[in-house]
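Q: what follows is a predicted protein model with its sequence.
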Amino acid sequence: MTGISTVRRIFAVILLLAICTYIVAIVRGRLSAQQKLSLADIAVFVLAAGIVSVLLRPELLDRISRFKFGELELDWLQKIEADQRKQRDELDAVRFVLTLLLQQNELEHLRNLEKGSTQYQGSEAVCTELRKLRTLGLIRNRKDRTIGEISTKRSFDLKDIVELTERGRQYLERLGEYEEKKPLLS
């Protein structure tokens, strides 16, 4: 159990005990009529119960998308999700622009993996190009295989060493769309 989790639980228990003490005081008659439950008291209890619930089970916040109390209305989850979607799209666009800077050989490796034309001759240059593609997230090593092992091989099958990632497939698809539109832009 982490320190934050422990503090959260301790605070929740203290809050719960305070609520219970208040209710017991009302029931036993230790509070005068002016001090007994009113609409404001009930609102405080509901709010405290909500706080206790969130403290004990933070994942409950994931289910709350809108909070409305009188004139106060918070609609934060949709705004946050929309902002994240926008940032993700912008980041994908930046990544795509960066990958447009691929050398012709690097692009050919991606296309060869997609087509299945993967018979290669080993060299340090091929290793360097594949490492760049891996760093960009366009390919990944197959299990228990490394790019470094191909530098000493005379011939090998590239698909046994690396594979296209989903980002690599999307890149090739997007590049194809870009190349189709390119003559129209000129």
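A: Everything's here; your move. Values in this document were obtained by computation on a predicted structure and should not be read as measured data. Residues are numbered from 1 along each chain as shown.
Q: residue ranges in the protein under the pLDDT threshold?
A: Scanning the chain for pLDDT under 70 picks out 1-2, 4, 33-39, 60-78, 98-99, 181-186.
Q: figure out how far stretch 5-19 is from the centre of its chain.
A: 30 Å (CA atoms, centre = their mean, to the nearest Å).
Q: now swap in stretch 140-152 and tell me
A: Stretch 140-152 has its C-alpha centroid displaced from the chain centroid by 28 Å (CA atoms, centre = their mean).
Q: pull out the buried residues from that stretch.
A: 147, 150 (16 or more other CB atoms under 10 Å). Any C-beta I mention is one placed from the backbone N, CA and C, and that applies to glycine too.
Q: let the chain start at 249 from now.
A: In the new count, where the first residue is 249, that last one comes out as stretch 388-400.
Q: the closest residue to residue 371 other than its chain neighbours: what's it in contact with?
A: Nearest in space to residue 371, with sequence neighbours left out and distances taken as CB to CB, 6 or more residues apart in numbering, is residue 399 at 6.6 Å. Residues counted as contacts of residue 399 (CB atoms under 8 Å, 6 or more residues apart in numbering) are 370-372, 374-375.
Q: with those in mind, which one is nearest to residue 352?
A: Using CB to CB, residue 374 comes nearest to residue 352 of those, at 13.5 Å.
Q: helix/strand/coil for that closest one?
A: helix (DSSP: H, G, I helix; E, B strand; the rest coil).
Q: residue 388 too?
A: With three-state DSSP as the basis, residue 388 sits in strand.
Q: which stretches of this structure form helices?
A: Using DSSP state H, the helices of the chain run over residues 251-275, 287-304, 324-347, 352-363, 372-383, 414-433.
Q: quick one: these as JSON lines, columns for mean neighbour count too.
A: Formatted as JSON lines, these follow (neighbours: other CB atoms under 10 Å):
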{"stretch": "helix 251-275", "mean neighbour count": "12"}
{"stretch": "helix 287-304", "mean neighbour count": "13"}
{"stretch": "helix 324-347", "mean neighbour count": "11"}
{"stretch": "helix 352-363", "mean neighbour count": "15"}
{"stretch": "helix 372-383", "mean neighbour count": "16"}
{"stretch": "helix 414-433", "mean neighbour count": "13"}
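Q: surely residue 408 and residue 390 touch.
A: Yes: judged on CB atoms under 8 Å, residue 408 makes contact with residue 390 at a distance of 6.6 Å.
Q: looking at the helices of the chain, which is nearest to residue 404?
A: Of all the helices of the chain, helix 372-383 sits nearest to residue 404, with 9.5 Å by CB to CB.
Q: which among the contacts of residue 399 gets closest to residue 278?
A: Closest approach between the contacts of residue 399 and residue 278, by CB to CB: residue 375, at 80.0 Å.
Q: show the contacting residues for that closest one.
A: Residue 375 sits next to 395-396, 398-399 when contact means CB under 8 Å, 6+ apart.
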